[in-house]
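Asks: turn this into a structure:
(one chain, ligands or ions: 1)
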Amino acid sequence: MTAVLPQSAGAVPDDDWTAAVAAARAFEARHETIDGFRYPDGIRIAVNFTADFDAMLFRRALDEPPMQKAKGEYGGRVGIWRLIELFDAHGVKATFFTPGRICELYPQALRAAAASGHELADHMWEHLTPKTDALQRDHIRKTADALAQIGGVRPIGTRSYYQQAHLKEAGYLYNSEGRSSRLPYYAADANVENCLLILPFHFSIDDAQFYNFGWFTSEPSAQRLTDPERIMEMWWDAFEQQYETGNGYLNICLHPFVSGRALRTHLLGQLIERMKGKEGVWFPTCAQLARYVLDRFPPQSLKF
Ligand SMILES: [Zn+2]
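Replies: Below you'll find the model as predicted:
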């Protein structure tokens, strides 16, 4: 017997289709990709190593069991130090997306990161997005103040889901949250205002997707603990494909409580060395890259 493709009950109703096209057009109107994007001479790819230093805060927000929270705490006590030492040993400047509350919990680690020239950026206050405007603005301000006090520099970047109007008001230039393009791009809000630069990352190159037992309160049957060697190969493949085609961009999302385990940190060092073995690989912080893009390729149709 031959396979039969499922039959639809009929065509998509015209009203639905019209709405879908309108949604696509509205999306286009508030997004702008960068024509002719290129890096400084000699650079083929930029690699942003980003680490979401949320420790136990997200586990706490999800009301996970004590063991899960303890796993997060490990990130603040050990993992963060391992990552700082790793990046320093390889001369790579990273961006640590940090909830404001972490400044109270692990100030020494943040001071060390800043002293090594790494960027401290916003990752919400307690890893939650408040529903009201007033509370969003309050959380944005408190986090910026705390990071500025500890790192000596006011943050210009975030990885969050706040209203863009509030982020712009607080002086933010970029959000490393969004996946609408493979290169940095611009995005305005629903009113086609409050444009930010987006430094895209995708969960397919996020360590927690592959290493974390208990990710997003997933069911036991959905648990994944992938061999670290396999993860490094995946990240290498993502790197190599873009290196070969040129004008590549890779934003590798780590978590200190996940990648700060000895075997994973060790292999990460090997991956960085492998990348450094190629000509024309740039390891900027997100802030460095954002300033370069804004300077060289400001948005043409959207108002920044
Ligand atoms: Zn996070």
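
Asks: where along this structure do the helices fall?
Replies: Under the criterion DSSP state H, the chain contains helices at 14-29, 57-61, 66-74, 80-89, 102-105, 107-115, 133-151, 164-169, 208-211, 228-245, 256-259, 262-276, 286-296.

Asks: could those helices go into a markdown table alongside mean neighbour count, mean pLDDT and distance to residue 51?
Replies: For every residue, glycine as well, the C-beta is placed using N, CA and C. Formatted as a markdown table, the helices of the chain follow (neighbours: other CB atoms under 10 Å; pLDDT from 0 to 100; distance: least, CB to CB, whole Å):
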| stretch | mean neighbour count | mean pLDDT | distance to residue 51 |
| --- | --- | --- | --- |
| helix 14-29 | 10 | 91 | 30 |
| helix 57-61 | 21 | 86 | 14 |
| helix 66-74 | 15 | 86 | 13 |
| helix 80-89 | 20 | 98 | 6 |
| helix 102-105 | 19 | 97 | 11 |
| helix 107-115 | 18 | 98 | 9 |
| helix 133-151 | 18 | 98 | 14 |
| helix 164-169 | 18 | 98 | 20 |
| helix 208-211 | 19 | 85 | 11 |
| helix 228-245 | 15 | 95 | 14 |
| helix 256-259 | 27 | 94 | 6 |
| helix 262-276 | 16 | 97 | 11 |
| helix 286-296 | 19 | 98 | 11 |
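
Asks: between the ones you listed, which gets nearest to the ion?
Replies: Among those, the nearest to the ion by CB to the ion is helix 57-61 (5.2 Å).

Asks: can I get the helices of the chain in CSV with distance to the ion?
Replies: Formatted as CSV, the helices of the chain follow (distance: least, CB to the ion, whole Å):
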stretch, distance to the ion
helix 14-29, 25
helix 57-61, 5
helix 66-74, 10
helix 80-89, 14
helix 102-105, 11
helix 107-115, 16
helix 133-151, 13
helix 164-169, 16
helix 208-211, 8
helix 228-245, 18
helix 256-259, 10
helix 262-276, 18
helix 286-296, 15
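
Asks: what sits against the closest residue to residue 169 other than its chain neighbours?
Replies: Closest residue in space to residue 169, ignoring its immediate chain neighbours: residue 137 at 7.2 Å, by CB to CB, 6 or more residues apart in numbering. Residue 137 makes contacts with 166, 169, 170, as judged by CB atoms under 8 Å, 6 or more residues apart in numbering.
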